[in-house]
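Asker: Sequence first, then the predicted structure, then my questions.
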Amino acid sequence: MATEWQSFPIAFTGGLVTNLSSLQQGINAVGSASILQNFEPSLDGGYKKVLGYQKFVSAQLTGSGVIQGLAIVQLTGNKKVIAVRNGVYKIINKSDTTPAWATLGTASDTSFTKVRHVTYDFEGVNKICFVDGVNYPAYYTTSSNAFTYLSSGVAANAAVSAATDVTVFKSSLFFAVSSSIVFSAPYTSDDFSVANGAGTIDMGSPVVKVIPYRDQLIIFCRDKILRLTGSSAADYVLNPITEDIGCTNVSSVQEIGTDIMFLAPDGLRTLSSTDRIGDFGLDVATKNIRPTISKLQGYASDFASMVIRDKAQYRLFAYVEAERDSVARGVLGTKFIDQGGTGFQWAEIKGFKVYVADSKYIDEVEYRLFGNSDGYIYSLDIGLNRDGDAIEAIYKSPFMPLTDPQLRKTFYKLDLYIEPSAAIDIDVTLKYNQGDTTYPQPSPFSITRTVGGTGLYGDNSTIFNTAVFGTFPARSYSTNINGSAKNVAINIEDKGSNTGFLLDTAVFEYAVNDRQ
């Protein structure tokens with residue numbers, strides 16, 4: 001009697017899961033990953049190898065140490081960036097024939113570690129306000145290229161000395177200063193006279209971050225979160241959202257879609273509005289990767305974050321100065337539902353050493369830039385390598401029993417459906433019976449595909465006039481396999497510097513044997 005073959009499809013979805021044992025995960029979350037490094041869960045389905053980065057300009061900032069601040073200048077037609085190193089503010093325009101860094105100004109006290117900023121437009125004048133936690137705020141005017149520090153000779157200005165964060169709310173600048181928020185008079189950025197409508201509100205706890213959310217200002221403190229409503233000093237009202245949870249890192253806070261992501265003691269959380277007016281949800285977004293995020297919080301104290309808007313993606317980068325670029329760690333999460341933390345699928349990122357970052361839309365193009373301690377500014381999520389170095393991408397599935405976990409299966413074939421966007425050069429390994437080395441294991445195999453002179457429309461690694469625009473359907477790469485086991489895991493690795501693809505689906509063909 002002929003052996004009856006069966007098929008078991010595995011759709012690559014669900015993202016990284018590290019809070020379950022491998023066999024539990026293989027039963028309950030088929031298609032998820034026990035290792036997912038430098039693959040991003042895609043809104044279009046599957047796991048796509050992440051894009052890399054390249055220098056924004058070839059000019060290097062002079063000085064030493066980390067780049068302390070980075071701001072994209074929102075000016076139509078130009079590609080200007082302001083960066084801070086050793087307390088010196090410099091600007092560059094990529095549109096220039098030979099881009100070069102020009103000095104704007106120098107802080108009187110250069111001992112600060114990070115600069116934060118906000119871009120705003122009061123009365124038709126586009127400006128950027130910078131704060132560093134040590135000095136008075138600094139202001140840059142885009143139209144005149146003027147850079148000035150707030151005067152220390154005005155008594156009212158002392159209220160914002162050493163501000164650590166700044167944002168715009170209700171046509172005023174709001175500053176985080178120790179345990180208070182200080183706001184400017186309406187439609188001004190440098191008037192802190194109470195008589196003109198400026199003021200100070202004590203929070204009773206160190207303020208970490210201030211960020212507008214719809215028609216209210218969210219104030220993240222170390223041990224609580226509050227919201228400010230109203231339209232001016234005359235009717236501002238402060239109410240608590242929670243007095244049990246705070247934010248542990250200012251650089252982790254980002255608005256993504258209709259949520260605000262922030263790093264809390266128990267991982268990344270989202271702040272979301274609920275159906276009840278004035279109520280909020282505070283979901284833990286990283287439940288599925290709790291061990292991963294706890295490890296990340298344990299080994300790094302400096303973080304940077306960024307939102308990639310067209311991918312509905314949040315990225316958190318851990319920064320350790322002594323580390324090589326190739327081993328720098330972080331996580332990325334793709335948002336699959338409108339609100340709440342449960343709709344994120346996660347992955348780890350490796351090889352992206354980011355100390356400061358900024359992103360902004362200009363002329364319908366999103367610029368995503370970052371810097372570290374090498375003096376260069378980089379464009380993120382572009383190209384197929386890390387400024388020439390390979391991107392090491394790894395997917396490992398949990399151990400999947402396919403059917404009854406106590407039945408032995410004989411394996412015959414594995415079909416991998418892969419959508420290429422460039423060359424493919426991957427190594428595939430199957431592991432049987434939870435990787436038991438006393439059990440016969442199948443030999444690894446490789447899948448290669450060379451794609452020359454081809455580009456994908458919409459992929460920002462494709463450059464017009466150097467590639468032929470086209471598209472590839474998901475292709476089946478079929479391999480005969482052998483051996484028998486009660487459960488199986490797939491391990492896929494790619495270390496190429498010019499490879500790009502999306503893992504779509506895997507299909508095992510096998511036969512079920514008798515119960516042992």
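Answerer: Structure received.

Asker: Low-confidence stretches in this protein?
Answerer: For the chain, applying pLDDT under 70 flags the ranges 1-3, 273-279, 451-474, 516.

Asker: I'd say Lys431 and Pro440 touch.
Answerer: No. The pair Lys431 and Pro440 fails to qualify as a contact (C-beta atoms under 8 Å) at a distance of 11.4 Å. Bear in mind the C-beta positions are built from the backbone N, C-alpha and C, glycine included.

Asker: These two: which has the busier surroundings?
Answerer: Lys431 (21 against 12; other C-beta atoms under 10 Å).

Asker: all helices for the stretch 201-350 of the chain, in order.
Answerer: Per DSSP state H, counting those that start in this stretch, the stretch 201-350 of the chain carries helices over the ranges 290-299.

Asker: next one: the chain
Answerer: 22-28, 290-299 (DSSP state H).

Asker: To what extent is the closest residue to Asn135 other than its chain neighbours buried, counted in neighbours?
Answerer: Nearest non-adjacent residue to Asn135, counting by C-beta to C-beta, 6 or more residues apart in numbering: Ala107, 5.0 Å away. By other C-beta under 10 Å, the residues close to Ala107 number 21.

Asker: ok, Ala107 touching Gly87?
Answerer: Yes. Counting by C-beta under 8 Å, Gly87 is a contact partner of Ala107 at 4.2 Å.

Asker: Next up, the contacts around Ala71.
Answerer: 81-83, 117, 119, 128, 130, 140, 358 (C-beta atoms under 8 Å, 6 or more residues apart in numbering).

Asker: Now render those residues as a markdown table, adding distance to Leu414.
Answerer: Shown next, in a markdown table, are the contacts of Ala71 (distance: C-beta to C-beta, whole Å):
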| residue | distance to Leu414 |
| --- | --- |
| Val81 | 47 |
| Ile82 | 52 |
| Ala83 | 48 |
| His117 | 51 |
| Thr119 | 51 |
| Ile128 | 54 |
| Phe130 | 55 |
| Tyr140 | 57 |
| Asp358 | 43 |
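
Asker: what about stretch 63-72, how long is it end to end?
Answerer: 21 Å (C-alpha to C-alpha, to the nearest Å).

Asker: do stretch 308-322 as well
Answerer: End-to-end distance (C-alpha to C-alpha), stretch 308-322: 27 Å.

Asker: One more: stretch 313-328?
Answerer: Terminal-residue distance, stretch 313-328 (C-alpha to C-alpha): 19 Å.

Asker: and it, which residues are buried?
Answerer: 313-319, 325, 328 (16 or more other C-beta atoms under 10 Å).

Asker: Can I get these in TSV including distance to Gln37?
Answerer: TSV is the format used below for the buried residues of stretch 313-328 (distance: C-beta to C-beta, whole Å):
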residue	distance to Gln37
Gln313	16
Tyr314	17
Arg315	14
Leu316	15
Phe317	14
Ala318	14
Tyr319	18
Asp325	15
Ala328	12
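
Asker: Nearest to Pro41 among those?
Answerer: Gln313 (8.7 Å; C-beta to C-beta).

Asker: give me the beta-bridge partners of that closest one?
Answerer: With DSSP bridges applied, the residues forming beta bridges to Gln313 are Ile308, Thr334.

Asker: Mind checking which of the contacts of Ala71 are in strands?
Answerer: Among these, the ones falling in strands (DSSP state E) are 81-83, 117, 119, 128, 130, 140, 358.

Asker: Make a PyMOL selection of whichever of these turn out to be buried.
Answerer: A single PyMOL command suffices to select whichever of those are buried according to 16+ other C-beta under 10 Å:
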select buried, resi 81+82+83+117+119+128+130+140+358
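
Asker: Between all of the ones in strands among the contacts of Ala71, which two are separated the most?
Answerer: Ala83 and Thr119 (15.2 Å).

Asker: ok, now how distant is Leu282 from Gly124?
Answerer: 38 Å (C-beta to C-beta, to the nearest Å).

Asker: no wait, Asp415
Answerer: 60 Å.

Asker: what residue lies at the spatial centre of the chain?
Answerer: Arg315 (1.1 Å; C-alpha atoms, centre = their mean).

Asker: what residues are up against that one?
Answerer: Taking C-beta under 8 Å, 6+ apart as the test, what Arg315 contacts is 305-308, 330-333, 349.

Asker: Deepest-packed of the helices of the chain, please.
Answerer: Of the helices of the chain, the one with the most neighbours on average (mean count of other C-beta atoms under 10 Å) is helix 22-28, at a mean of 17.

Asker: Would you mind listing the outside residues contacting that helix?
Answerer: So helix 22-28 is contacted by 17, 20, 32, 34, 397-401, 405, 434, 487, 489 (C-beta under 8 Å, 6+ apart).

Asker: Tell me which two of those sit farthest apart.
Answerer: The most widely separated members of the contacts of helix 22-28, counting by C-beta to C-beta, are Val17 and Pro405 (17.9 Å).

Asker: My read is that Ile394 contacts Ile492, right?
Answerer: Yes. In terms of C-beta under 8 Å, Ile394 counts as a neighbour of Ile492; the distance is 7.2 Å.

Asker: quick one, which of those two is more surrounded?
Answerer: Ile492 (23 against 18).

Asker: Spit out the contact partners of the nearest residue to the more buried one once chain neighbours are set aside.
Answerer: Closest residue to Ile492 apart from its sequence neighbours, by C-beta to C-beta, 6+ apart: Tyr395 at 4.5 Å. By C-beta under 8 Å, 6+ apart, the contact list for Tyr395 reads 12, 33, 35-37, 39, 47, 490-493, 503.
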